[in-house]
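In: predicted coordinates and the sequence they were generated for:
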Amino acid sequence: MPCEGCTCGLRENDTQEDDVLGQTPAGVRSFTAPAEENGEPEGVEPAVPLRSKQWWNNPSDDMCGAYVERYLNGGLTMNEIANKHKPIIGIAQTGSDLAPCNSGHVQLAKRVRDGIIAAGGTPFEFPCHPIQETTKRPTASLDRNFAYLSLVEVLFGYPMDGVVLLTGCDKTTPALLMAAATVNIPAICMNVGPMLNGYAGQRLVGSGTVLWDARAALAAGKIDQLQLMQTVATSAPSLGHCNTMGTASTMNALAEALGMALPGSASIPAPYRERGACAYQTGRRIVDLVREDVKPSDILTREAFENAIALNTAIGGSTNAPIHLNAIAKHIGVPLSNQDWQDVGYKLPLLVNIQPAGEYLCEEYHRAGGLPAVAAELIKHNLLPHPDALTVSGRSIGDNCREDRSTDKRVIRPFENPVKTSAGFLHLSGSLFDSAVMKTSVISKAFNDQYLSNPDDPMAFEGPVAVFDGPEDYHHRIETEDKIEAGTILIMRGAGPQGYPGAAEVVNMIPPGRLIKKGIELPCIGDGRQSGTSGSPSILNASPEAATGGNLGLLRDGDIIRIDLKRGRADIKVDPEELKSRRSESGPYKGPPSQTPWQELFRDNVSELSEGMVIPKAVKYQRLAQTAGIPRRNH
């Protein structure tokens, strides 16, 4: 019966029991339910059933109501969630106040959402673990595997049909690609873009690169600490990641080279309006990738990785690239080693004239044509290994880029006039370590004249070592060690995945100020990494590291080592019995104690840099969306 005095219009015999569960009560309009329940379905029939509907439109699961209810609270309609033709697209958001290099994504994600909706999908944005290269201690690379594991759980455990990976700062790109490879739902990358040019007067000042130059000037007494701070700050004039060909620009270019980003997208500077348009088109394209069922495993083939290696040489990419691409390859099940980087990439030319190997910055590189123009030049001379490799655009990399060209031959050089010939990575091994890499495109004339030009022993040098156990030891002693002279080889150890922990960018050591004033460079070797913005021709990523028993841990000041680039050798000229005795006497190399739970877990489970610094137990989990199916129900 209606309440006394009620004027709502309900009939006297209408009761609460008349409302059947699951139906809208009579006289009540709902904007949540579909307006036409029996109308024609929206959208295009996907190639395979949408994964998300196992949560949100599965007649055999009586928990669907619980899965749906809270997602309607933001104003979504049932049709946007449950429609079997509407894919649910995740937006893996890496921008935040803690990650200023990627903070532009906070706005760009809105255009990604617009593109997803325009193409008939429903976007769900979520945060990723922040990774800011310039700030995180003890090193941002410690967080790459953490962010990877976190994103795997999100992509696998939540109802997503595809994902847009918003990348930028160094480790964000490999972390997100590793996760997408593991879960293997359709995915596409889009980076935040490099910063605008930095200037000191009329001089181009590149992010990262200026820091290494300023450190040397400070050590030589040419500038003071305040001037160093001011000089470095001029290199970062806008939103975006490094404007040099450091690890950020490298890894985003290689995401494009692998085929995981839209052609021409990697080099667009962060403030350019093209970046927002690219975000919209990326959002549209991921919906098509889901409907076509194009997955990372279709893109990330051996051929794609060989293309990326070739293009890495042509752009003068970072020495961190082998670590990260080797890791991505492991998670998608493609064999890739440091030797492949030499075999595929060493004899190719450096075409991009950008700091640290060249003169210009990423604004000029983008205006000159970006990666498509570089790829086109390699294709023209039959130097891109696999132009038929598929990309997320739906076309091959050759079809995407073949007709492109450089519009500024000062910046993207023609094959006939490269910045350098045979500019790729050398892979070294020997009694000093099993595997390490050297970036030959940054070998300066001064370094070449000092160490590699002996007519009786070309491309080789040997000398006594000065050994440092971590950057603290180096900074404490570098100016007081009188025995460090021209020809001394600086050794940085305890800087690898287990030793640091996390593998730090500390190998690019500068000589004492008294040698810098004389224009003397010193070779550097270490079991850690080096910033991609550094122009030092260091020998890096030595594996096994000192902390896992590598022979770097046995070196003592004054020991002689020999480097032979022609033979790819790095050897200790110390009697093997003496090394055996040292190992017995010293025991395992001791690094600092772990400071957090993750540091200990990382150390207990991580592989060498030559193996991609992955967690071996994680590598066995591949193509989860296909092999593991839908996760077990939670209630």
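Out: Here it is on my side, so go on.

In: find the least confident helix or strand in this protein, judged by mean pLDDT.
Out: helix 209-219 (a mean of 81; mean pLDDT, DSSP states H and E).

In: go through whatever helix or strand comes next after it and flag the buried ones.
Out: Sequence-wise, the next helix or strand downstream of helix 209-219 (DSSP states H and E) is helix 225-233. Within helix 225-233, the residues scored as buried using 16 or more other Cβ atoms under 10 Å are Leu228, Thr231, Val232. Bear in mind the C-beta positions are built from the backbone N, C-alpha and C, glycine included.

In: next: stretch 562-575.
Out: Arg562, Ile563, Asp564, Leu565, Gly568, Ala570, Asp571, Ile572, Val574.

In: so how far is Phe433 from the fifth one?
Out: When distance is defined by Cβ to Cβ, to the nearest Å, Gly568 is 12 Å away from Phe433.

In: and what of the first one?
Out: Spatial separation of Arg562 from Phe433 under the definition Cβ to Cβ is 13 Å.

In: spell out which residues are contacts of both of these two.
Out: Taking Cβ atoms under 8 Å, 6 or more residues apart in numbering as the contact rule, Arg562 and Phe433 both touch Ala570.

In: circling back to that earlier point, make CSV out of the buried residues of stretch 562-575 and add pLDDT and distance to Gly470.
Out: Shown next, in CSV, are the buried residues of stretch 562-575 (pLDDT from 0 to 100; distance: Cβ to Cβ, whole Å):
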residue, pLDDT, distance to Gly470
Arg562, 98, 25
Ile563, 98, 23
Asp564, 98, 28
Leu565, 97, 27
Gly568, 97, 28
Ala570, 98, 21
Asp571, 98, 24
Ile572, 98, 21
Val574, 97, 22
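
In: out of these, who's nearest Ala310?
Out: Minimum distance to Ala310 across the buried residues of stretch 562-575 is 19.5 Å, recorded for Gly568 (Cβ to Cβ).

In: quick one: residues contacting the closest one.
Out: Gln342, Leu426, His427, Leu428, Ser429.

In: which ones among those map onto helices?
Out: Gln342 (DSSP state H).

In: using CSV, please lay out the contacts of Gly568 together with neighbour count, pLDDT and distance to Val106.
Out: Listed next are the contacts of Gly568 as CSV, based on neighbours: other Cβ atoms under 10 Å; pLDDT from 0 to 100; distance: Cβ to Cβ, whole Å:
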residue, neighbour count, pLDDT, distance to Val106
Gln342, 21, 98, 40
Leu426, 20, 98, 41
His427, 20, 98, 40
Leu428, 26, 98, 43
Ser429, 19, 98, 45
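
In: so how far is the longest strand along the chain off the chain centroid?
Out: The single longest strand within the chain, with elements called by DSSP state E, is strand 460-469. Here the centre of strand 460-469 is set off from its chain's centre by 31 Å, with Cα atoms, centre = their mean, to the nearest Å.

In: Ile563 looks like it's in a helix, true?
Out: No - counting by DSSP: H, G, I helix; E, B strand; the rest coil, Ile563 falls outside a helix, being strand.

In: what is the nearest of the buried residues of helix 225-233 to Arg582?
Out: For the buried residues of helix 225-233, the nearest to Arg582 is Leu228 (39.2 Å; Cβ to Cβ).

In: surely the closest one is in contact with Ala216?
Out: No - at 10.4 Å, Leu228 and Ala216 do not qualify as touching, with contact defined as Cβ atoms under 8 Å.

In: what about the strands in this protein?
Out: Listed in chain order, the strands of the chain (DSSP E) span 88-93, 122-127, 162-167, 187-191, 198-200, 203-205, 425-428, 435-439, 460-469, 489-493, 524-526, 539-543, 560-564, 569-572.
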